[in-house]
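Novice: Sequence plus the predicted model coming up.
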Amino acid sequence: METNKLRILILFIISSFSLINCQNKKMEDKYSWLGTISAPKEYPMEIYKGAIIADDFTYGFDAIWGTQNTGWGNEGGTMSVETSQMDIPSKLEFTWYSLVENKFYTGKWDLDKEKIKNLFAKGFIDQDNGKKTTYSNFIVGLAPKGRVVLWINGPGNQKEVGFFQAHDTLITEEKAYGNAKYMLKEGFADRMLKDPSYETFKPEIRAKIEKEGYPDPGIYDLYREKYTWKPSVVLPEGSEWIDFGFNNYNGEQENLFGESLKEDTCKKRAVPKFCGFYWRDKNKNRYGVWIDSFEEKEIFELFRKLGKEENIDLTIKVNADNTGAVVSLKSGKEELPVTKAKIRLSRKIE
């Protein structure tokens, strides 16, 4: 009889520990996150409805978000919520109106929950305070032809966690819910696209569209192609490379410093769109170098020439007083100069 009591006690203790561990694990798996929208500057999208869905929380979108075209991969605004800790989302659904195409798209997709959970758990070090942090925003990217990308975003870091295809759908003014009926009014898309008073486009984007037309919708697939590359900085003797931050055409971004900079090797990455870094000379004077933009046709052509099978160094060679820099792509076979990038260099930073 005593033996049975002992067994029951042991089982109770084991069960209690298991329950506590499960509860702790469940709490550890919850994170604080919000959602926002991204769309190309040349392709404004009107939000109809959508949701990022977790088991215990749904972050919703509707017509109150209005017209979105902050730029591909760029985050827009967010809506505050009362919930502070949420499960990792498992589903995405979205319906939107593509003004240029004059067409509605819709779709529902399962998310790679394990991939997202692992990225949230791993997190990264925030360079500003040296502490571990993690991602805090989901960005839903809406592109022409019904392409959808989902990124997660945190300070200096952004990663693609999903790529989906929506299908077109028909929504009439009679069928639309009240707050969304405006986008079905006759001539709405034309007014938004062609009337400068609506300020749908920034003046430079409008001028570019008038000169070159809208970008090929296939460009958003091209942006996702990856090459094996890493940044490489050549500095005057005795200098110290401090960090390197960069955004890629596919919307991803990285911030390398400290150990992550030392340990960085060639990885599968999309073509860089812009980048910047700080360095110190032998006298501990600090300087900044920024490539505010690569010329799109040139940088893609140079990466294509070197090819996806090669390890590539994006090399930036800086002169002694930080008044000039030479940029190139370098593989084991050849080195190709980058001649059309817009480079900005600082004076000595106190």
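Specialist: On my side now, so go ahead.

Novice: Look at Arg269 and say how many residues are nearby.
Specialist: When neighbours are counted by other CB atoms under 10 Å, Arg269 registers 19. C-beta coordinates here come from the backbone N, C-alpha and C atoms, glycine included.

Novice: Could you chop the protein up by domain?
Specialist: 34-169, 226-345 (automatic domain parsing).

Novice: so which of the ones you listed comes closest to Met192?
Specialist: domain 34-169 (5.6 Å; CB to CB).

Novice: Could you say which helix or strand holds the closest residue in space to Ile88 that isn't next to it in sequence?
Specialist: In this structure, Ile88 finds its nearest non-sequential neighbour in Lys117, 4.7 Å apart by CB to CB, 6 or more residues apart in numbering. Using DSSP states H and E, Lys117 falls within helix 113-122.

Novice: so how far is Pro272 from Tyr249?
Specialist: Distance, Tyr249 to Pro272, by CB to CB, to the nearest Å: 8 Å.

Novice: scratch that, Gly77
Specialist: From Gly77 to Pro272 the distance is 27 Å (CB to CB).

Novice: and the two? which has more neighbours close in?
Specialist: Higher neighbour count among Gly77 and Pro272: Pro272, with 22 against 11, using other CB under 10 Å.

Novice: Identify the residues contacting the residue lying closest to Ala320 once chain neighbours are set aside.
Specialist: Spatial nearest neighbour of Ala320, chain neighbours left out: Pro236 (4.5 Å); criterion: CB to CB, 6+ apart. Listed by CB atoms under 8 Å, 6 or more residues apart in numbering, the contact partners of Pro236 are Asp281, Lys282, Val318, Asn319, Ala320.

Novice: Just to check, Asp110 is in contact with Ser90?
Specialist: Yes. Under the criterion of CB atoms under 8 Å, Asp110 makes contact with Ser90 at 6.6 Å.

Novice: These two: which has the busier surroundings?
Specialist: Neighbour count, other CB under 10 Å: between Asp110 and Ser90, Ser90 has more, with 15 against 10.

Novice: that older thread, skip ahead from the helix holding Lys117 and say which helix or strand is next.
Specialist: strand 124-125.

Novice: In the protein, mark out all the helices, start to finish.
Specialist: For the chain, applying DSSP state H gives helices covering 2-28, 113-122, 188-194, 203-212, 219-222, 258-262, 296-306.

Novice: okay, the spatially closest residue to Asp281 that is not a sequence neighbour: pLDDT?
Specialist: Spatial nearest neighbour of Asp281, excluding adjacent residues (CB to CB, 6+ apart): Ser239 at 5.1 Å. Looking at Ser239, its pLDDT reads 97.

Novice: how much space between Ser239 and Leu111?
Specialist: Applying CB to CB to Ser239 and Leu111 gives a distance of 44 Å.

Novice: Just list whatever residues bridge to Tyr97.
Specialist: Glu46, Phe104 (DSSP bridges).
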